[in-house]
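Visitor: No letters, just coordinates:
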């Protein structure tokens, strides 16, 4: 179902330069857009793609208006990437299949669980005893919400998410491991989105907490008793060990690892593949990995790195000798 260009601007605002009666059949990147597509440009370095694009209309910022008009129709918005996001939401609402609310016949919902009537529980989901699912929340297929876990309002849990599996807790005893029963739960705030096959463990004694607006990508592991602050976002394959407290508005690149029992301040940004091995008390951008290189060069650098401590001690001894 096509959307009239004018109806998009009526719904979302922005300044349209072009024919409002043009019918938009899809949203597409600049390089693959057709004469029935709506596209966007948020980074000026892609200006060359803008000039060559066949899109019916392009969303741009004020600084790119002249270049966009030289090509054809455009919508000028203060924040083009945000405007693009809102267009995708509008498109999804207009094209959503009917009957999305309710519990799929194949789902298993314990009689002692609560599911808000406006929530959607997908195929093969399991909602265990005492769990609560808030208003407008969507559980895609094969999501498991463990006993006593709480999911807030307007959340999206993608396929294969597991909330409330036991945290990894064992006490050593004579060469064996004695299980520590995990007696807490998981509490998810409002407007949280959790990617496919992500696991969030229940707390050992207190709950594992994911605050409002957090966005987690696919294949993330959140250990027991972790707390993640509002609007923090994590890319795929991040791992957070138990009892770490992460602040609000943080970002974690793909495959970043965070050790347990640490504290990370608000507005901390961790580069992909970094290992966070100590608490971070100040906002900022942090990176902790050895850059990729030709293997032979990397091996030489790694061998040198192993000798840094002894070189440091020798330098300190030499400095003592030559001091007046």
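Guide: Nice, thanks for sending it over. As the structure is a prediction and not an experimental result, all values here were calculated from the model.
Visitor: Please count neighbours and contacts with C-alpha atoms only from this point.
Guide: Will do.
Visitor: check contacts around residue 243.
Guide: 223-227, 260-262 (Cα atoms under 8 Å, 6 or more residues apart in numbering).
Visitor: That should have said residue 5, apologies.
Guide: Listed by Cα under 8 Å, 6+ apart, the contact set of residue 5 reads 19-24.
Visitor: Put the buried members of the residues you listed into a PyMOL selection.
Guide: Selection of buried members from the contacts of residue 5 for PyMOL, criterion 16 or more other Cα atoms under 10 Å:
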select buried, resi 22+23+24
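Visitor: how about a markdown table for the contacts of residue 5, with distance to residue 137 added?
Guide: Shown next, in a markdown table, are these (distance: Cα to Cα, whole Å):
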| residue | distance to residue 137 |
| --- | --- |
| 19 | 38 |
| 20 | 35 |
| 21 | 35 |
| 22 | 35 |
| 23 | 32 |
| 24 | 29 |
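Visitor: can I assume residue 59 sits in a strand?
Guide: Yes. Assessed by DSSP: H, G, I helix; E, B strand; the rest coil, residue 59 belongs to a strand.
Visitor: how far away is the nearest residue to it once chain neighbours are set aside from residue 135?
Guide: By the measure of Cα to Cα, 6 or more residues apart in numbering, the closest residue to residue 59 outside its immediate chain neighbours is residue 40, 4.3 Å from it. Using Cα to Cα, to the nearest Å, residue 40 is found at 33 Å from residue 135.
Visitor: which one of these two has more residues nearby?
Guide: Between residue 40 and residue 135, counted using other Cα atoms under 10 Å, residue 40 has the larger neighbour count: 23 against 18.
Visitor: can you pull the contacts of that one?
Guide: Shown in contact with residue 40 (Cα under 8 Å, 6+ apart): 29-30, 58-60, 80-81, 84.
Visitor: By neighbour count, which of those residues wins?
Guide: Busiest of those [other Cα under 10 Å] is residue 58, holding 32 neighbours.
Visitor: pretty sure it contacts residue 68?
Guide: Yes. Assessed by Cα atoms under 8 Å, residue 58 is found in contact with residue 68 at 7.2 Å.
Visitor: Dihedrals phi and psi, residue 45?
Guide: Main-chain dihedrals, residue 45, degrees, to the nearest 10: phi -70, psi -10.
Visitor: can you map out the strands along the stretch 201-324 of the chain?
Guide: Using DSSP state E, counting those that start in this stretch, the strands assigned to the stretch 201-324 of the chain run over residues 208-210, 215-216, 221-222, 227-228, 233-234, 239-240, 245-246, 251-252, 257-258, 263-264, 268-270, 275-276, 284-286.
Visitor: Is it possible to get CSV of these that adds distance to residue 157?
Guide: Converted to CSV, these look like this (distance: least, Cα to Cα, whole Å):
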stretch, distance to residue 157
strand 208-210, 13
strand 215-216, 10
strand 221-222, 14
strand 227-228, 17
strand 233-234, 15
strand 239-240, 18
strand 245-246, 21
strand 251-252, 19
strand 257-258, 22
strand 263-264, 25
strand 268-270, 24
strand 275-276, 27
strand 284-286, 29
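Visitor: just these: most buried one?
Guide: Across the strands of the stretch 201-324 of the chain, the average number of neighbours (mean count of other Cα atoms under 10 Å) peaks for strand 208-210, which reaches a mean of 27.
Visitor: So what's the model's average confidence on that one?
Guide: Confidence over strand 208-210 (mean pLDDT, whole number) is 98.
Visitor: Go ahead and name everything in contact with that strand.
Guide: Strand 208-210 has contacts (Cα under 8 Å, 6+ apart) with 184-189, 200-202, 223-230.
Visitor: One more: stretch 125-141?
Guide: If you take Cα under 8 Å, 6+ apart as the criterion, stretch 125-141 is touched by 106-124, 142-160.
Visitor: Sweet, I'm off.
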